[in-house]
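This is a predicted model, with the sequence first.
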Amino acid sequence: MQSFENIKAKAMQVVSFLKEKWDQREQPINIWKENDKTYTCMNCGKEFQGSYCPRCGQSANTERFTMKNVLTNTLEVWGFGNRGFVRTLIELLYRPGYMIQDYLHGHRQAYFQPVKMLFILCVIYTIVLQFFSTEIHEGMVEEWRHYVVAESTAPKDYDHYEYIIIEPDDSEAVIEFNKAVASVSNFWTDTAQEYIKWRDRNKALALLLMHALFAVGAMRIFKHSPKNNHMTLPESFFVQVFIACQFMIISTIYMLFVREYDHNDRYPLPIAAQAILMIYIFRQIYGYGIIKTAWKTFLMYLAYTIVVAIPFFLITSGLWYLKH
């Protein structure tokens, strides 16, 4: 009975701690503690008070090398030895918009650099994909079907091609037009497939490119928001990089349980889940209500689609014309 009471008391403490953290999620985090102790810098010999030498910047906590130092220095190559990495991971899950807002407003020492973090998370995500390669490989190598022109009486293999049927009474002009349509469609398909293959090989760069375009749309659409209005393009870009980091964290966790991957998608998360996460973050950053945030998020996605689709159509059509 006493053991049950102890467990109950511990559980209540955990719940109370989590509730306190949730209630304080809008407040900037403060990780600094006053340090009035006097140190002598082991690098330049200057006496000082605080955590770092004001002359050379070396930490006051400089000791002989131990196995802990070796492990920490090794992990710092990938960011894991930095407490800011773990802190950023956690806060991107429960207070992403407020954390991004704190970062933009100058609270940066407590957090990990977003671009570097995105590259690290993409490496982790790729390792997870390789670990589940049995379930994922078939979907990644599947080729899209191409269009071919065939007579209505000809035998057809529908597993590999989409057929444009020629009827016996079709004129020569109609046949040539159908062949041109098939040729352009196949060129678009091949170009899109090559891009997807490049994107899978360069995940972090592709995400940076995609979210850079999102940043342009978000900067314009949320320009007059109640909070963080008139955000600059670099600030909007860093918002999007942090969002990409959050998506990669959740995508990696998602892959551990779902074990399915469609290489045509930028993230394995369902589109609805991505939209909900984006609305959740934007509401914390920009201060609109849920409905208005959802509407402006939709406009941002629409603007991105238009900005990507029109140049893709024009460029691939021009290349096809030059090639033929």
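Thanks, I have it.

can you map out the strands along the chain?
Secondary structure of the chain by DSSP state E: the strands cover 38-40, 47-49, 146-151, 161-166.

residues near T189, how many?
Close neighbours of T189, defined as other CB atoms under 10 Å, add up to 17. C-betas here are computed from N, CA, C, even on glycine.

So, low pLDDT: which residues of the stretch 201-324 of the chain?
Within the stretch 201-324 of the chain, the stretches with pLDDT under 70 are 259-265, 323-324.

Tell me which residues are up against stretch 316-324.
183-184, 187-188, 191 (CB atoms under 8 Å, 6 or more residues apart in numbering).

same thing but 6 Å
184, 187-188, 191 (CB atoms under 6 Å, 6 or more residues apart in numbering).

ok, so what distance separates K296 from V307?
16 Å (CB to CB, to the nearest Å).

Please read the previous query as pertaining to A180.
27 Å.

Could you do C53 as well?
Distance from C53 to V307, by CB to CB: 49 Å.

Was I right to think S236 contacts M219?
Yes - taking CB atoms under 6 Å as the definition, S236 is a contact partner of M219 at 4.1 Å.

overlap in contacts of those two?
Common neighbours of S236 and M219 (CB under 6 Å, 6+ apart) do not exist.

quick one: which of the two has more around it?
Comparing S236 with M219 by other CB under 10 Å, the one with more neighbours is S236, at 24 against 20.

what sits against that one?
Here S236 is in contact with 215, 218-219 (CB under 6 Å, 6+ apart).

same question, A294
Contacts of A294 by CB under 6 Å, 6+ apart are I279.

Could you measure from it over to W198?
From A294 to W198 the distance is 32 Å (CB to CB).

again, but for T88
28 Å.

neighbour-wise, which of those two wins?
T88 (25 against 11).

Look up how far L121 lies from the more buried one.
Counting by CB to CB - T88 and L121 are separated by 10 Å.

again with Q240
14 Å.

Next: E194.
For E194, the distance to L121 - CB to CB - is 25 Å.
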